[in-house]
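A.B. asks: I'll drop the sequence and a predicted model, then ask my questions.
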Amino acid sequence: MFSLAEDLKMNSLSEMTWQINSSLVHDFPSIFSSNFDVGVSDVVPSVLTFLDDFDSHLWKAGYLFYKTSGQEFTLIDPTGKLREIKASNGARFWWDFSGEKKVLQKLIGLRAVIPVISVKLTEQEYLLRNEDQKIVVKACLTKAIVENTTVHYLTLSALRGYKKYFNRAEKSLDNVIDEKINHFGLKTILMNHAAKNFETDTNFEIPIDADMPAEDSVRIASLGLLNSAKLHVSGAVKDIDTEFLHQYRVNFRKLRSLTSLLKKSLPQATVAMLKEKLSMIVGKTNRLRDLDVFLLDEENYRALLPENFNSGLSELYTLVRTQRKEEQKKVANYFSSKIYASEISACAEELSLSSTYEMKAATQPILKVAKKLLINRYHKMLAMSATTNSQSADDDVHALRIEFKKFRYLIEFFIDLLPQKDTAKLVGEVKKIQTVLGNFNDYATQISFLQNYINDDRIEMSKSLSGLIAVLHQKQVEEKCKVTNVLANFFTEKMTDKIDVIFGSTKQGDSV
Amino acid sequence: MKVIACYSMKGGVGKTAAAVNIAYLAAKCGFKTLLIDLDPQGASSFYFRVKPSSKKWSERFFGAYEDVVKNIKASDFENLDIIPAHLNFRNFDSFLAGVKKRKSRLKSILKGFGKEYDLIVLDCPPSISNLSEAIFVASNLILVPVIPTTLSERTFEQLSEFFDENDYKKSKIIPFFSMVQSQKNLHKMTMETMSGKYAFLNSVIPYSADVENMGEHKAPIDVFAKLKPANFAYIKLWTELAGVIKNDKSS
């Protein structure tokens, strides 16, 4: 049987596992017969379906999560400890589970768990007895079928006080064992035969170097983002979880920012074409994302209003859920349509074309272009911030928020080429401002979303809507008051000097 | 960790059967259990098919914890280990007579097992001696099988007096009726009398051929006579004892 938890206490006992040459499996258990009386247990078959989210968050954090054919769920933490998790059929999100679901909440967030791989296991235990008929060694033959591969493992477990028999049993295996396995368990089987199933690295990395011509770099990076976005389409169509559409849109947002920020490196016609098509494609998903955001925030919204507004809110949520269902269908149809396929191919083809170097900046080294841009953007933000305070128009605050977002994207696109330590610190500072500006924007977006329903004639719902809008407006005003402070903390003389130092050098990395 | 001694000054009353079945059932319930066979006859070791691995290690029994650990053997059952007896254990008494702090020696040794085991069951030899006194000090509970006969009643009273005279905690003594033949009037009457005087467990172990057959099967009764009354009686005894262990506050 699998020893999932390590024995941390006194005199731990030997347990060894080897992979067995499958053609020699028929030698078992008679291979032990010359030294022991062998008792054979019944074969215990099981099918384990391993679950994880699209990004393999559980696997990456060292967890294993599986369900048996009897719908029993097991979560194994990185130390091998079993965590109690229960759920009914069809459970996918952390909130569908009971028991130690907080681990799931922390690791998968809004993601759903989906089947990654099934492993068919059969285990048979051999009890090796000495001349007194005392069990002195235990052995277990495990057969694992992973996709089309069948592997066999044999585990020998020593019993306290009977080490010499363990050594004797080990010796009988000399001719049949292949590789010795350290810390054998389910993870071993998956690592050896199914690791690729958990490799869904969608993190965007730009394979460019500092001296690459700007146009080449932008094309490569943009294509990378477009491909990364495409990975999320299938999940969005199947409506596995809302993160698929969200991540699709994040990639699109970055792609649009990149082609817009570095527009002087690309041919004008390319920039214009991408601007139009990308905006059109992502625009088809705006409404669904708005509905998702509102639905995901249900708990928070309910907490904002007194209990007697609950029935009105429930009406609203029922309505939004229905609309969401319809909208999801529309988006799924769009993603599955020929029009979408042709639009996205057109974008990919455009980006895949060889560089034409039409523009002045196109041939310049990308790092030089990026650093110059970063300094320019910073000074633009600095100028904008001078006139932004808690009394400014909402549009001015939004404009500044967008500038900060572009600034951060620009840093992140080229982060590998920039001085590591200083840039990381700067990103941290930028994030702080973005939190305040982001909250401000979220409240504005939510108010605008709710205003779509304001003319509805359902009285209870209208009351709740009005209440919610009033509370959100108040929160937006409070957030706006924080803006002046965070801007003053960020835009200091020291920061301006630092920006000049970090981005002023023409060299790569930390060599400034 | 709790220490339970299966003890009686008298032989042949069902101490070993109780120790073996209690240790087995405790382990089956998930208690990490160590059965120490202190009786040089080694009957409980025999029931588990376990033989001592080294000769004459009894001198080292009361020495270092590490030496005792080396002599632990796994049983065939999950959660149950055994320290088998050796004929040499008959010298325990004379050994203890010659050392300082002899009454607390066993307790000090067993203390080391606190991290490893939830329960230690001692199968004790039938005597009242230096070893017995070390057992009284080391144990949280002393499980005493009593055959409901006049002679056994007398022996139990002697034990009770011994505890009084030597200031041992009498609350540790947990008697139960063993090898009971309900058709015998003497058994019935003795049980009635003794139950009125002492706090006996409600569980009663009947006289049974199945208990005797443990020797033939070399196994606890649950393994070969699962559905027999004697097995149910031991399960009841263990369940009742588990309640006493749970409520026991002694350290």
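C.D. replies: Cool, got the structure. Fair warning: this is a prediction, and the values are worked out from it, not measured in the lab.
A.B. asks: What is the neighbour count of A:Asp132?
C.D. replies: Look at A:Asp132: counted by other C-beta atoms under 10 Å in any protein chain shown, it has 11 neighbours. Glycine gets a C-beta too; all of them are placed from N, C-alpha and C.
A.B. asks: swap in A:Glu403?
C.D. replies: For A:Glu403, using other C-beta under 10 Å, the count is 17.
A.B. asks: Quick check: closest non-adjacent residue to it.
C.D. replies: A:Met381 (4.9 Å; C-beta to C-beta, 6 or more residues apart in numbering or on different chains).
A.B. asks: residues near residue 193, how many?
C.D. replies: If you meant another chain, say so; for now it's chain A. 18.
A.B. asks: I was after chain B.
C.D. replies: When neighbours are counted by other C-beta under 10 Å, B:Thr193 comes out with 13.
A.B. asks: any idea which element it lies in?
C.D. replies: helix B:185-197 (DSSP states H and E).
A.B. asks: Can you point out the buried residues in that helix?
C.D. replies: By neighbour count on 16 or more other C-beta atoms under 10 Å in any protein chain shown, the buried set for helix B:185-197 is B:His187, B:Thr190, B:Met191, B:Met194.
A.B. asks: Check the offset of it from the chain's centre.
C.D. replies: 23 Å (C-alpha atoms, centre = their mean, to the nearest Å).
A.B. asks: list the helices and strands the following helix or strand past that helix packs on?
C.D. replies: The first helix or strand that comes after helix B:185-197 along the chain, using DSSP H and E, is strand B:204-206. If you count contacts as 3 or more C-beta pairs under 8 Å, 6 or more residues apart in numbering or on different chains; DSSP states H and E, strand B:204-206 packs onto strand B:173-180, helix B:229-247.
A.B. asks: what pLDDT, on average, does strand B:204-206 get?
C.D. replies: Model confidence over strand B:204-206 averages 96 on the pLDDT scale.
A.B. asks: cool, and stretch A:374-385?
C.D. replies: Rounded mean pLDDT across stretch A:374-385 is 92.
A.B. asks: Please report phi then psi for the residue of chain A found nearest chain B.
C.D. replies: Of all residues in chain A, A:Gly161 sits closest to chain B, at 3.2 Å by C-beta to the nearest C-beta. Main-chain torsions, A:Gly161, degrees, to the nearest 10: phi 90, psi 0.
A.B. asks: That one: what's it in contact with?
C.D. replies: Neighbouring residues of A:Gly161 by C-beta atoms under 8 Å, 6 or more residues apart in numbering or on different chains: B:Val50, B:Ser53, B:Asn71, B:Ile72, B:Lys73, B:Ala74.
A.B. asks: ok, B:Ile120 touching B:Ile4?
C.D. replies: Yes. Using C-beta atoms under 8 Å, B:Ile120 is in contact with B:Ile4, at 7.2 Å.
A.B. asks: residues shared between the contacts of those two?
C.D. replies: Joint contacts of B:Ile120 and B:Ile4 (C-beta under 8 Å, 6+ apart) do not exist.
A.B. asks: Report pLDDT for the closest residue to A:Arg321 other than its chain neighbours.
C.D. replies: Leaving aside its chain neighbours, A:Arg321 sits nearest to A:Leu295 (6.7 Å; criterion: C-beta to C-beta, 6+ apart). On pLDDT, A:Leu295 comes in at 95.
A.B. asks: And A:Leu295, how far from A:Arg324?
C.D. replies: 6 Å (C-beta to C-beta, to the nearest Å).
A.B. asks: of the two, who's got more company?
C.D. replies: Of the pair A:Leu295 and A:Arg324, A:Arg324 is the one with more neighbours under other C-beta under 10 Å, namely 20 against 15.
A.B. asks: Give me the nearest residue to that one, chain neighbours excluded.
C.D. replies: A:Leu291 (4.2 Å).
A.B. asks: Just after the helix or strand hosting that neighbour, pick out the following helix or strand.
C.D. replies: Per DSSP H and E: A:Leu291 is located in helix A:286-296. Remark: after helix A:286-296, the chain's next helix or strand is helix A:298-304, criterion DSSP H and E.
A.B. asks: on that earlier part again, I'd say the residue nearest to A:Arg324 and A:Glu327 touch.
C.D. replies: Yes. Between A:Leu291 and A:Glu327 there is a contact under C-beta under 8 Å: 5.8 Å.
A.B. asks: Just to be sure, the residue nearest to A:Glu403 is in a helix?
C.D. replies: Yes. Under DSSP: H, G, I helix; E, B strand; the rest coil, A:Met381 falls within a helix.
A.B. asks: Test my guess that it contacts A:Arg401.
C.D. replies: No. With contact defined as C-beta under 8 Å, A:Met381 does not reach A:Arg401; the gap is 10.4 Å.
A.B. asks: Strands of chain A, start to end?
C.D. replies: With strands called from DSSP state E, chain A shows them at A:15-20, A:37-40, A:44-52, A:64-68, A:73-76, A:82-87, A:97-99, A:114-129, A:135-146, A:149-158, A:177-181.
A.B. asks: okay if I get these as a markdown table plus mean neighbour count and distance to B:Ser45?
C.D. replies: Output for these, formatted as a markdown table (neighbours: other C-beta atoms under 10 Å in any protein chain shown; distance: least, C-beta to C-beta, whole Å):
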| stretch | mean neighbour count | distance to B:Ser45 |
| --- | --- | --- |
| strand A:15-20 | 19 | 25 |
| strand A:37-40 | 14 | 20 |
| strand A:44-52 | 17 | 32 |
| strand A:64-68 | 20 | 40 |
| strand A:73-76 | 20 | 38 |
| strand A:82-87 | 16 | 34 |
| strand A:97-99 | 16 | 42 |
| strand A:114-129 | 18 | 17 |
| strand A:135-146 | 21 | 15 |
| strand A:149-158 | 19 | 20 |
| strand A:177-181 | 14 | 34 |
